[in-house]
Each structure stands twice: as structure tokens, then as C-alpha cells.
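Engineer: Pasting a predicted model and its sequence here:
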Amino acid sequence: MRLMTATEASRNFAALLDAAEHGESVVITRAGRRLAIIGPAPTGNGAALNDILAAHAPDPDFADDVRAARTLVTDEPSASWPDD
């Protein structure tokens, strides 16, 4: 993984994006500290999510839980905090 200062990254941003596009990750530093890593974006297509959803059955009580939570929500402002 290549290191680049924040100043270098700012001055060479197009080249930094080109590197990420080609699969390279670059660590951005400032004053010797690691600030960020810029690299290629994930390219998931949803297959992993479908696998997870297929492996786990939905919670049959979820809709009831949401309805119960909604009954607790009001549009009225809450009372002021009690004095200590």
C-alpha cells in the first residue's frame, strides 16, 4: 500500500482516483499520522445479501414490534426535565 501526504493527494487527486480505479489503495497521511485510505469501491451485486436473507428466516413478530413501537411515539413535545 502506497503512502501519500494530504498535500500530495490534494495536488494529484486525479492520479489518486486513477490508482483507485486500477485497484490500488493509498494511505493518506498528515503530520505523519494516517488519516484515510482511498481505494477501489466495493462492487457487490447483491448476491451476498440474497444469501444472507435466504439463510435466515424473517422474524414473524417484527411487524407487531414495529406497530407497538409506533404507539409509543407522539407528536407532542415531551414534558420538561424534572428539577434535581
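Structural biologist: That came through, no problem. Numbering: from 1, shown residues only.

Engineer: Please make it C-alpha for all contacts and neighbour counts, starting now.
Structural biologist: Noted.

Engineer: show me where this protein has strands.
Structural biologist: With DSSP state E as the criterion, the chain has strands at 2-5, 26-30, 33-38.

Engineer: Mind listing what's buried along the shortest one?
Structural biologist: Buried residues in strand 2-5, defined by neighbour count with 16 or more other Cα atoms under 10 Å: M4, T5.

Engineer: Need the residues that contact it.
Structural biologist: The contact list for strand 2-5, computed with Cα atoms under 8 Å, 6 or more residues apart in numbering, reads S25, V26, V27, I28, T29, R30.

Engineer: hmm, try it at 10 Å
Structural biologist: Residues from elsewhere that reach strand 2-5 (Cα atoms under 10 Å, 6 or more residues apart in numbering): 9-12, 16, 24-35, 37.

Engineer: Count the residues that sit near the residue lying closest to G39 once chain neighbours are set aside.
Structural biologist: Among residues not flanking G39 along the chain, S25 sits closest, at 4.0 Å (Cα to Cα, 6 or more residues apart in numbering). By the measure other Cα atoms under 10 Å, the count of residues near S25 is 18.

Engineer: same check, this time on L16
Structural biologist: Other residues near L16 number 20, with proximity taken as other Cα under 10 Å.

Engineer: how far away is the closest residue to it other than its chain neighbours from E24?
Structural biologist: Nearest non-adjacent residue to L16, counting by Cα to Cα, 6+ apart: A9, 6.7 Å away. Using Cα to Cα, to the nearest Å, one obtains 14 Å as the distance from A9 to E24.

Engineer: Need the overlap of contacts for the two.
Structural biologist: L16, L17, I38.

Engineer: can you count the residues close to the last one?
Structural biologist: I38 sits with 16 neighbouring residues when counted by other Cα under 10 Å.

Engineer: do D18 as well
Structural biologist: Applying other Cα under 10 Å, I find that D18 has 13 neighbouring residues.

Engineer: Please apply the same query to P40.
Structural biologist: P40 has 16 nearby residues by other Cα under 10 Å.

Engineer: That's all I had, so thanks and see you.
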